[in-house]
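*Asks:* Dropping the sequence and predicted coords here.
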Protein chains: 2
Amino acid sequence: MSDRREFRDLDDPAEARRAIGSLDLEPAHESVPLEEADGRVLAERIDADLDVPGFDRASMDGYAVRARDTFGADEADPIELDLIGAVHAGAEPDVELEAGSCAEISTGAVMPPGADAVVMVERTDEIDPGDGETKRIAIRTSVAPGDNVMVAGADIAAGQRALGPNTRLTPREIGLLSALGHETVPVRGRPRIGIVSTGDELVRPGEEIDSDRGQIYDVNSTTIAAAVEEAGGEPILYPHAGDDYAEMQRLLVRAADECDLVLSSGSTSASAVDVIYQVIEDRGELLVHGVSVKPGKPMLVGRIDRSADADRAGKSAYVGLPGYPVSALTIFRTFVAPAIREAAGHPEPRTATIDGEMAVRERYGEGRLRLMPVGVLERPEASDPPLVYPVDKGSGATTSLVEADGVVAVDPDTEYLDTGERVEVQLFSSEVRPPTLLGVGEDDPALNRLLDRLDRPRYLPVGSREGLRRLRGGLPDVAVTAGPVDRNVESVGLGGWTREWGLVVPAGNPAGVSGLADLVDRDLRFLNRDRNSGLRGSLEAALDGLATERGLESGDLVASIDGYEWTVRAFESPPRRVKAGDADVGIGLRSTAETLDLAFLPLGKQDVRIRANPERTGTEGIEEIEQALAAIDLVLEDLPGFEPAGENEST
Amino acid sequence: MSDRREFRDLDDPAEARRAIGSLDLEPAHESVPLEEADGRVLAERIDADLDVPGFDRASMDGYAVRARDTFGADEADPIELDLIGAVHAGAEPDVELEAGSCAEISTGAVMPPGADAVVMVERTDEIDPGDGETKRIAIRTSVAPGDNVMVAGADIAAGQRALGPNTRLTPREIGLLSALGHETVPVRGRPRIGIVSTGDELVRPGEEIDSDRGQIYDVNSTTIAAAVEEAGGEPILYPHAGDDYAEMQRLLVRAADECDLVLSSGSTSASAVDVIYQVIEDRGELLVHGVSVKPGKPMLVGRIDRSADADRAGKSAYVGLPGYPVSALTIFRTFVAPAIREAAGHPEPRTATIDGEMAVRERYGEGRLRLMPVGVLERPEASDPPLVYPVDKGSGATTSLVEADGVVAVDPDTEYLDTGERVEVQLFSSEVRPPTLLGVGEDDPALNRLLDRLDRPRYLPVGSREGLRRLRGGLPDVAVTAGPVDRNVESVGLGGWTREWGLVVPAGNPAGVSGLADLVDRDLRFLNRDRNSGLRGSLEAALDGLATERGLESGDLVASIDGYEWTVRAFESPPRRVKAGDADVGIGLRSTAETLDLAFLPLGKQDVRIRANPERTGTEGIEEIEQALAAIDLVLEDLPGFEPAGENEST
């Protein structure tokens, strides 16, 4: 390991930005059909090459006249004109006006020769003398030449500048281009961005993974591809590369041959980064190697020489993103997306920043710029700035991606952010809307359904105990607890339900497990939940009872349970492991056992309670949850072992 | 015409909104590949059906250890462990840790059996005893169980709620779905919106139009299609329908059979609207017929019965949009887009509203809600609210589409908006950015090029005279004048150029025109520019000179020119008409004559001057124009008859 490359001399972020700015990503212009032009950027100025309208056009339904024939006409003293014909939209006029005559005309029709104005139909009367004689029209108003006529080119005339280069096309510009008869539009090309995913452990979504071999799904390829598309680029996914030098080189060069920019991403191990580093040094040039930013230190910027026989000459740009998804997306957004937007001619999106107040104290002091993912929570009083809390489950966690609303940039020399300190949050986009409710606590299948009925809830399944701790800290709107609660936290009870819990064993109960005592007395491999879980709390209470019965200390009883400290994360986890054959018995819910076709030995019912932060009652989110609880029967329908709770209580 | 239907009993806008809200546009859910899911909306809750990670995973490069073996280790007193093997990412561990041993491990690799923590490589030293003996690793820190390990399911565990229904998918949610191995995603369907364009005069862009027959390009179909797409719908364009009842019915019913909502649009004439009205009454039901809003009165809302043999049963929703493009898009945005967004599950976009100050007085008083398209202009002092001015060239003008930035809703009982009055502008989207420069005045080919060098200019080619008038009114940043100026307006000269003007005649000058006098003396059909044009100004001056020479009044001289008052709109218009054979001689520029391969008889050179509003010097736009003028030689390159001006002047 001694030859591993360290990122010791880190460039500062501005240097990385400059290096990426020096790369040439700009693709050739292209021509697209008008119906695909929305959102694209004009490559060149468009001048009108025809007059719009192309003829003097009636802009009212009525009668085409010679204006001078109407002079003096009014309601009291109309002037009568001979009706000599009609002109309809889309037809060539077959009449010509002489003095004293008029022609019926529809909106949009060509003005007949001799006519220079239109009298709207509402200011006329038709006079039919009968006997096949020429009809006459009484004109009850005078008009000036040009009245109710749009002259040729009045909208836009041939030779006039219609749209400038680099105009972003929206439905409105598409309207003007339609009026000018454009079937295709010259637009800025979308830079082709090759995405090379590296790491022997990565598997594309949809394929089978083998967890025993440490395989995981490739998150970065699809995530970065979607982000490339949003920035105006065209993502090209290359088949996943292992850590082999020859394979990596072949793949990177192929991507360089075909793309304007190559992004590598996905590998979290230093050895894979080493291989890429070596390929870029051998087959291109490295401009930046490591940036003083967190997350994102292991970032590379450079160029890759294209093959001699490639369609494109020269070098492609290259950026190596860090391996963890949150890091990769953060670095992409901060450093790469602006370069893609510029190459595509897209404007910087309006920065969506909001001012918030730190809900917790956050230490820092690594001497690097930190781009800290944060969640945002609105408060009941609109005048109170929203609360901001760090979302940091480790960069390896993909759930951090969806639990954050934006990023706070923390200066390298900031040592901590204090509770209540004002911070500026860069939202991930102007469309980000913070959740209406932040909940924490137990994970529960009925709760999952209840949350479906809320507009934009965010729920962190940290367990009952940790949920209560956080509720006491004041950040969440609600905490959800299950089972016995050993903490006294002020809260407002919103309601809840009960759920049946017990031991889950394989279908048919092959080991003939009969109850809790068997865990202690027999040689069974058990699987437990962690201490934050309400299931664990109820199990502890039951074991206390058993210990008392036997005149033992709980600790001694527990010591004889094989696997009591073997804990897993969620309410379905122990039963799933039982089903997979990893354990003989797991703690769990009746509903889970039935869903997974396992056998269930009931040990009791526990209360699941939704407890509101007393300072948040009346918020939109709390009101929504109260409405959802009012329909709790519907929520619990077909959920075995679940029942509505009795009365609410405040604790 | 007496049976034309009038929109006498107009519904109020709220009623129209309710009627559209009562229509059912919601399509079935569908499944899309993950790589096409960005921007879509989840149809249902997604629970994790696997643990992420699926195994206990090293989150550092280093050594997998039994934590208890490291207790007591520190920099001064390291503990040595036997190195028994290595585990790499993507491989199944082939070692098992006993007390006193460790294994090299890469980030992302599976923790080997027996190991419960990782010591990062930076806190270790490799000790090679040589002679093929087992290497030993000196551990310079103690670690606790779980340190630098992400346990199975720690990111998200099987059974946990991952994403709620109706979640808008962004790259971040796509990341989580990738981690869960989803290859496809259940999403809300995009409502299918049929667009039926009506009007005998309409021609699809790309085809030839015959202006003599009053044909124009169909603007609404492509414009509304793009707007449908932005709202989350899938637009389906139907071939254009004439005003024939049977054809219209066939088309509307076919669209109803295939779509969730049918929009008709395009027809501006009352007779076509009558036909649609009749079809909807006969083959469906009409809920709203005319709405008290401007623009947009002739709006229809209803349902169309589907055919008995259609794939879909029941009725499709129907909205008839007004015919003029600005009206159609305004009504679509205000009434239809919200319904499409709701059916697609898209959130209302963040309203982008800004407060501005009316730059001019605007009368009104029609007793209808007016959705007034306006332009917005930032002022140099950020504390001054932006200026707002109405853009109203008549609803038939497609250029109004791109000359406006948003809409001001004016109450039915507001009679006028005063200069300086505060108004709220709803921008067309949150991405709309007002122009950096508002220019008005002469149209000129060199100016078109100059504008290409500016970031976001808006230029209204109203002619020199009208441009100066508006500059005096104080709204524009610059006015551009050509030729003699008869108005004294305070302004700051930014620079300019000269252009050669004269008479344009067919190639080879078949009539042997020799100069200005021939227009007076010979029987030639002339084509002029309007009084606002600088070309007209120079021509008037030249004719004044000729009149003086001949001892005549100018008026008498002009009276003998056939077509002197036959004016067209833009600098290329007279030469183009000459080329088309409509006139013998036109006024124009040398550059235009050369571009169009016509002959040119020079009459002089005229100054083109860019005059800045004295209150706007120093703005971004003015600075940009000054920079562009500094490179005027480049701008004028290859433009025949153009030369840089001498010195600047203030007037």
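*Replies:* Sure, I can see it.
*Asks:* Next, count neighbours for residue A:598.
*Replies:* Residue A:598 has 20 neighbouring residues, counting by other CB atoms under 10 Å in any protein chain shown. Any C-beta I mention is one placed from the backbone N, CA and C, and that applies to glycine too.
*Asks:* From chain B, how far out is residue A:570?
*Replies:* The spacing between residue A:570 and chain B, counted by CB to the nearest CB, to the nearest Å, is 3 Å.
*Asks:* Enumerate the residues of the stretch 201-350 of chain A near chain B.
*Replies:* With CB under 8 Å from any CB of the partner chain as the criterion, the stretch 201-350 of chain A meets chain B at residues A:201-203, A:205-207, A:209, A:211-227, A:229-230, A:237, A:242, A:268-272, A:323, A:325, A:329, A:347, A:349-350.
*Asks:* Can you flag the buried ones in those?
*Replies:* The neighbour-count test (16 or more other CB atoms under 10 Å in any protein chain shown) applied to those identifies A:201-203, A:205, A:209, A:211, A:213-227, A:229-230, A:237, A:242, A:268-272, A:323, A:325, A:329, A:349 as buried.
*Asks:* so of the residues you listed, which ones are in strands?
*Replies:* Among these, the ones falling in strands (DSSP state E) are A:202-203, A:216-217, A:237.
*Asks:* Check those against residue B:417 and report the nearest one.
*Replies:* residue A:237 (54.0 Å; CB to CB).
*Asks:* partner residues bridging the closest one?
*Replies:* On the basis of DSSP bridges, residue A:237 is bridged to residue A:195.
*Asks:* was I right about it contacting residue A:193?
*Replies:* No - the pair formed by residue A:237 and residue A:193 falls short of the contact definition of CB atoms under 8 Å, at 9.9 Å.
*Asks:* ok, residue A:20 touching residue A:336?
*Replies:* Yes - using CB under 8 Å, residue A:20 is in contact with residue A:336, at 6.6 Å.
*Asks:* Give me the more crowded residue out of the two.
*Replies:* The residue with more neighbours, out of residue A:20 and residue A:336, is residue A:336; 28 against 22, by other CB under 10 Å.
*Asks:* ok, the nearest residue to the more buried one once chain neighbours are set aside to residue A:225 distance?
*Replies:* Taking CB to CB, 6 or more residues apart in numbering or on different chains, and ignoring the residues beside it in sequence, residue A:336 has residue A:319 as its nearest neighbour in space, at 5.5 Å. The gap separating residue A:319 from residue A:225 is 15 Å, by CB to CB, to the nearest Å.
*Asks:* now residue A:397
*Replies:* From residue A:397 over to residue A:225 the distance is 20 Å, taken as CB to CB.
*Asks:* same deal with residue A:581?
*Replies:* Following CB to CB, the distance that separates residue A:581 from residue A:225 is 37 Å.
*Asks:* By proximity to chain B, which residue of the stretch 451-600 of chain A wins?
*Replies:* Taking CB to the nearest CB, chain B has its nearest neighbour within the stretch 451-600 of chain A at residue A:572, 2.7 Å off.
*Asks:* go on, the stretch 201-350 of chain A?
*Replies:* The nearest approach of the stretch 201-350 of chain A to chain B comes at residue A:206, 2.8 Å away (CB to the nearest CB).
*Asks:* What is the end-to-end distance of stretch A:297-310?
*Replies:* 32 Å (CA to CA, to the nearest Å).
*Asks:* Look at residue A:299 and say how many residues are nearby.
*Replies:* Each residue near residue A:299 was counted by other CB under 10 Å, and the total is 29.
*Asks:* Would you enumerate the residues in contact with the closest residue to it other than its chain neighbours?
*Replies:* Spatial nearest neighbour of residue A:299, excluding adjacent residues (CB to CB, 6+ apart): residue A:291 at 4.7 Å. With CB atoms under 8 Å, 6 or more residues apart in numbering or on different chains as the criterion, the residues that contact residue A:291 are A:10-13, A:15-16, A:297, A:299, A:331, A:335.
*Asks:* swap in residue A:636?
*Replies:* Taking CB under 8 Å, 6+ apart, we find residue A:636 in contact with A:446, A:497, A:642-644.
*Asks:* mind checking the SS state of the closest residue to the residue of the stretch 451-600 of chain A closest to chain B other than its chain neighbours?
*Replies:* The shortest distance from residue A:572 to any non-neighbouring residue, by CB to CB, 6+ apart, is to residue B:159 (2.7 Å). Reduced to three states with DSSP: H, G, I helix; E, B strand; the rest coil, the structure at residue B:159 is coil.
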